[in-house]
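Participant: The amino acid sequence is not available; the structure is as follows:
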Ligand SMILES: [Zn+2]
């Protein structure tokens, strides 16, 4: 099962990657570094959250602080 990671605008980015809004427009925002802020949604965008996409493909080699039991 897939766990979808979502973030509010103004939250810190956990890692670099490509993020997509959850409105029908599918607006994309590329994050180059962790520790940036998610931007406000663009004009005409009705999304509530940014959703991580393709993140695992970028950072799968170095999972940082992922809890393992
Ligand atoms: Zn949108």
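Facilitator: Perfect, thanks for sending it. Please read all numbers here as calculations on a predicted model, not as lab measurements.

Participant: For burial, what's the neighbour tally of residue 25?
Facilitator: By other Cβ atoms under 10 Å, the residues close to residue 25 number 14. Any C-beta I mention is one placed from the backbone N, CA and C, and that applies to glycine too.

Participant: Please disregard the earlier target; I meant residue 42.
Facilitator: 12.

Participant: The chain against the ion: which residues are in contact?
Facilitator: Within the chain, the positions lying close to the ion (Cβ under 5 Å from the ion) are 21, 23, 25, 27, 45, 47.

Participant: In a markdown table, list the residues you listed along with pLDDT.
Facilitator: As requested, those are exported to a markdown table (pLDDT from 0 to 100):
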| residue | pLDDT |
| --- | --- |
| 21 | 96 |
| 23 | 96 |
| 25 | 94 |
| 27 | 96 |
| 45 | 97 |
| 47 | 97 |
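
Participant: what about the helices in this protein?
Facilitator: 55-59 (DSSP state H).

Participant: pLDDT weak spots in it?
Facilitator: Scanning the chain for pLDDT under 70 picks out the ranges 54-69.
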